[in-house]
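**Q** Would you be able to build a 3D model of this:
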Amino acid sequence: MAIAKVRASLGGLIAAISAPLAMAIAKGSQKVMVSALDAATKPATLSLTTLGVLRAVEYGLLGWILASLASKERPRPLHFALAGTAIGAVFGGGITVLTIETAAANGVALELPRAITTGLNEIVFPIGCSLVVYIALQVGRHIKMISAEAR
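**A** Okay, the predicted model is just below:
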């Protein structure tokens, strides 16, 4: 909803700032839960800084694209899904490859199920984000139409 009300560049900037922050919070929460459960931590593969920079660029670009799509007269869900797919494939694929190669460089063999789930998560998440933005945009537009008709 907020992206639809601002310029595309501002939407990209907001996403570029909030994505690494959200990832750092999520990563911190995960580490707290792992230590609270006394579970074995998995070996570190990519640094938090590397992931933060990649996510800032990834979600900054995705935010800019989604804000551009949201500003159109009749945005289509396919365009939002394709934007998420493209960003997910490029950045998610890159993060997955970097994760596998970094693990190998550290002498840790990344198990196939973990590599697959990492890849799927990195590729599918931007698609879901794009569709959530589309749905929020549509809900906002319909609420405006309903409230205008009620007057």
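
**Q** contacts and neighbour counts: CA atoms only from here.
**A** Noted.

**Q** Just the buried positions in the biggest helix by length in the chain, please.
**A** Selection of the longest helix in the chain by residue count, based on DSSP state H, yields helix 112-150. Taking 16 or more other C-alpha atoms under 10 Å as the basis for neighbour counts, the residues of helix 112-150 that come out buried are 118-120, 122-127, 129-131, 133-134, 137-138.

**Q** Leu54: which of the residues you listed is nearest?
**A** Checking the buried residues of helix 112-150 against Leu54 with C-alpha to C-alpha, the nearest one is Glu122 at 11.6 Å.

**Q** can you count the residues close to the residue lying closest to that closest one once chain neighbours are set aside?
**A** On the basis of C-alpha to C-alpha, 6 or more residues apart in numbering, the spatially nearest residue to Glu122 that is not a chain neighbour turns out to be Gly92, at 4.3 Å. Per other C-alpha atoms under 10 Å, the neighbour tally for Gly92 reads 25.

**Q** which SS state does Ala109 fall under?
**A** Ala109 falls in the coil class when you classify it by DSSP: H, G, I helix; E, B strand; the rest coil.

**Q** Provide the backbone phi and psi angles at it.
**A** Reported as degrees, to the nearest 10, the phi and psi values for Ala109 are phi -80, psi 120.

**Q** Please tell me the pLDDT value assigned to it.
**A** As summarised for this prediction, Ala109 has a pLDDT of 82.

**Q** right, and the helix or strand after the helix or strand of the chain with the lowest mean pLDDT?
**A** Between all helices and strands in the chain, the lowest mean by mean pLDDT, DSSP states H and E belongs to helix 8-36, at a mean of 66. Per DSSP states H and E, helix 8-36 leads on to helix 48-70 as the next helix or strand towards the C-terminus.

**Q** quick one: that next one to helix 112-150, angle?
**A** Our comparison of helix 48-70 with helix 112-150, counting by axes from the mean of the first three to the mean of the last three C-alpha atoms, to 10 degrees, yields an angle of 30 degrees.
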